[in-house]
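1. Sequence plus predicted model, see below.
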Amino acid sequence: MTEVDGYLKHLLCNLRTLRENAGLSTDDLEDRLILGPGWVTRFEAGKIVPSINMLLAILHETGSTLADLLEDLPPYLEAVEVERFIFAEQAGADIVIHFRYAKFDASYTLENATVNEFEAVTKTLRDGLARLAGIEVGLVEAIKTDSVARAFLKAVAVWPDANPSDLWWFVIYRAYCDPFNHPAQFARMDFTQSWKRTGGWALEEVLVRYYGPFLRRQG
């Protein structure tokens with residue numbers, strides 16, 4: 001979602017040197033790899049991180065090796081943020097939550113919150129969905145429903161002054177659509193379609209667990 005920096009950007013910039021040493025223009029390389037215009041330039045500028053397969057394909061077309069790609073890199077490895085469908089950044093006393101919205105990058109500011117709190121909510125969802133690994137098919141939807149409900153109830157407990165609808169839409173839904181929060185066996189699923197079922201059932205669970213005691217008190 002954001003342009004890479006530091007060590008990783010340095011590594012991707014080496015792609016340009018390898019291409020130029022091979023006597024190839026960006027158009028030449030894109031033609032060989034059957035890529036649309038601009039992809040190679042964006043790889044080399046660190047604006048898009050290519051997959052391992054793409055890197056290996058570029059090395060093959062330029063007659064280069066992994067050793068060539070790693071040449072002249074700094075003698076240290078810095079921490080690299082894993083690209084996620086949703087992540088949070090601290091902004092004073094608040095956090096800014098970044099997520100994908102259709103073809104665009106969007107953000108939501110959650111007041112009086114910390115990144116650690118955000119990660120705790122996300123981990124509640126992740127830990128719940130982790131139970132899906134190797135589970136019987138008949139239990140899948142029940143586990144998804146329970147996981148979403150638990151994560152939402154965690155969110156409203158951590159941020160009691162936040163709008164619950166915002167937490168549901170900007171945090172829980174977006175975190176559910178991040179494939180890294182699901183077991184790897186489900187990585188190719190369309191999570192937006194899965195959410196339409198799971199979100200509805202989870203909302204019923206939330207109404208029972210969260211609002212049930214209040215409604216009973218009101219008769």
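-> Happy to help now that I have it. Quick caveat: nothing in here was measured; it's all calculated off a predicted structure.
2. Wait, a helix at Ile95?
-> No - counting by DSSP: H, G, I helix; E, B strand; the rest coil, Ile95 is not part of a helix but strand.
3. List the residues that contact it.
-> 88-89, 109-110, 113-115, 117-118 (CB atoms under 8 Å, 6 or more residues apart in numbering). C-beta coordinates here come from the backbone N, C-alpha and C atoms, glycine included.
4. so what's it scoring on pLDDT?
-> The model reports Ile95 with a pLDDT of 98.
5. May I have the beta-bridge partners of it?
-> Taking DSSP bridges, one finds Gln90, Leu110 as the beta-bridge partners of Ile95.
6. Pop the domain breakdown of this protein in here.
-> 6-69, 86-217 (automatic domain parsing).
7. hang on, the earlier thing: so which of the contacts of Ile95 is the closest to Thr65?
-> Nearest to Thr65 among these, counting by CB to CB, is Glu89 at 36.8 Å.
8. Count the neighbours of the closest one for me.
-> Burial measure for Glu89: 14 neighbouring residues, criterion other CB atoms under 10 Å.
9. pretty sure it is touching Val115, no?
-> Yes - here Glu89 reaches Val115: they are 7.1 Å apart, a contact under CB atoms under 8 Å.
10. quick one: low-confidence parts of the protein?
-> Within the chain, the ranges that satisfy pLDDT under 70 run 1-6, 75-83.
11. Where do the helices of it begin and end?
-> In the chain, the helices defined using DSSP state H lie at 6-21, 26-33, 39-44, 52-61, 66-69, 115-129, 140-158, 164-166, 173-176, 191-206, 212-217.
12. quick one: contacts for the one residue sitting closest to the centre of the chain?
-> In the chain, the centroid-proximal residue (CA atoms, centre = their mean) is Arg84; its distance is 1.8 Å. Contact partners of Arg84, counting by CB under 8 Å, 6+ apart, are 178, 180.
13. measure it to Pro179 for me?
-> 9 Å (CB to CB, to the nearest Å).
14. same question, Ser64
-> From Ser64 across to Pro179, the span is 31 Å (CB to CB).
15. neighbour-wise, which of those two wins?
-> Neighbours per residue (other CB under 10 Å) separate Ser64 from Pro179, with Ser64 holding more: 19 against 15.
16. which residues touch the nearest residue to the more buried one once chain neighbours are set aside?
-> Distances taken as CB to CB, 6 or more residues apart in numbering place Leu18 nearest to Ser64, at 4.5 Å, with adjacent residues excluded. Leu18 makes contacts with 58-59, 62, 64, 68-69, as judged by CB under 8 Å, 6+ apart.
17. run the last query once more with 7 Å
-> With contact taken as CB atoms under 7 Å, 6 or more residues apart in numbering, Leu18 is in contact with 62, 64, 68-69.
18. ok, Asp28 - how many residues close by?
-> Asp28 has 14 neighbours, counted by other CB under 10 Å.
19. before we move on, what about Ile58?
-> Neighbours of Ile58 under the rule other CB under 10 Å: 24.
20. one step back: kindly give a single PyMOL line that selects the buried subset of the contacts of Ile95.
-> This is the PyMOL syntax for the buried subset of the contacts of Ile95, where burial follows 16 or more other CB atoms under 10 Å:
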select buried, resi 88+110+113+117+118
